[in-house]
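>>> Need the 3D shape of this:
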Amino acid sequence: MMLSALSATIILATCVSYGAMELGGEEYNLKRAEQINDIQKKVSDLWHRLIYVKPVTSGSDENTVYANCQVKPSSTLEANKPQVTGQVLFKQLYPDGKMEVFFDLAGFPTNTRNASCRAIHIHKFGDLSNGCDGTSSHYNPHEVPHPQHPGDFGNFPVKDGKIRKHRFNVSASLFGPYSVLGRAIVVHEQEDDLGKGDNKGSLEHGNAGKRLACCVIGISGPELWNKKALDDAARKKRRLQSGGKTA
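Here you go, the predicted model:
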């Protein structure tokens, strides 16, 4: 249906443009120019919506897309490794807003002297049949070196065994031809060298080490995001009231 509407709009735009050219300078008035501009805008909007298809959502805010990822330890992880759990939540305004992400993870060692930061990435497949190993390599649709992949979130400081972070303007997207829905979040054991390791592994995955935990990104309603936003605001308020001494 949208393709038919697009075709009709393009034909109409062509006819109006041709007719305007035939009328000559005196009759090529402001009203006709406005009509042409309006049709061209509609064509552009239709193309945009064809390329950036919006996932089906529910709720009153139909222009915002939400997703969540419930992080669990890899099923193949050794018992002596950190058992990381938590949530990664996503929010993005359709059709061209930047994605926001909440990271709320726990289960890291409270003594972080040997690994003060942990890497988190989006991986290619949402396949957890073999633990986190089934997620394959980084999601890299443009075939560029690490850390330029859409889901190269970088490093996250661990405090009291937890990661709590709100990221804005993330380059990945929940819609369009390169949507990350159905792909996996992987939490790594080590820090990402951000492509500066001067070796092949550095340019592929940042030498971030073992895959501790993972999850599949799935579309959701706004409830989880809204609750996390309220909790985050309350935590920041408590921190300000206590002089910045509490997390």
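
>>> And for Q87, the neighbour number?
17 (other Cβ atoms under 10 Å). For the C-beta atoms, the positions are set from N, CA and C on the backbone; glycine is no exception.

>>> ditto for G201
Residues near G201, counting by other Cβ under 10 Å: 12.

>>> and if you look at the one 4 residues further on?
The tally of other residues near H205 (other Cβ under 10 Å) stands at 24.

>>> Now do the contacts for it.
By Cβ atoms under 8 Å, 6 or more residues apart in numbering, the contact list for H205 reads 121, 137-138, 146.

>>> Can you give the contact residues for stretch 130-144?
Applying Cβ under 8 Å, 6+ apart, the external contacts of stretch 130-144 come out as 74-77, 121-128, 146, 148-152, 172, 178, 180, 183-184, 186, 204-205, 211-214.

>>> Could you turn the buried ones of those into a ChimeraX selection?
The following ChimeraX line selects those of those that are buried, judged by 16 or more other Cβ atoms under 10 Å:
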select :74,77,121,122,123,124,126,127,128,146,149,150,151,152,172,180,183,184,186,205,211,212,213,214
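
>>> sorry, back to before: between the contacts of H205, which sits nearest E100?
Nearest to E100 out of those is H121 (Cβ to Cβ; 17.5 Å).

>>> Mind picking out the helix or strand in this protein with the poorest mean pLDDT?
In the chain, the helix or strand scored least confidently by mean pLDDT, DSSP states H and E is helix 2-23, which has a mean of 50.

>>> Give me the buried stretch members for stretch 151-162, please.
Neighbour counts over stretch 151-162 (16+ other Cβ under 10 Å) mark 151-153, 155-156, 158, 162 as buried.

>>> what ranges do the strands span in this structure?
Using DSSP state E, the strands assigned to the chain run over residues 64-73, 85-93, 99-106, 117-123, 129-132, 152-157, 162-170, 184-188, 211-216, 218-220.

>>> helices or strands up against the fourth one?
So that's strand 117-123. When contacts are defined as 3 or more Cβ pairs under 8 Å, 6 or more residues apart in numbering; DSSP states H and E, strand 117-123 packs onto strand 152-157, strand 184-188.

>>> Mind listing the strands the longest one pairs with, and their directions?
In the sheet containing strand 152-157, its partner strands are strand 117-123 (antiparallel), by DSSP bridges.

>>> quick one: the strand it pairs with to chain centroid distance?
Remark: strand 117-123 is offset 13 Å from the chain centroid, using Cα atoms, centre = their mean, to the nearest Å.
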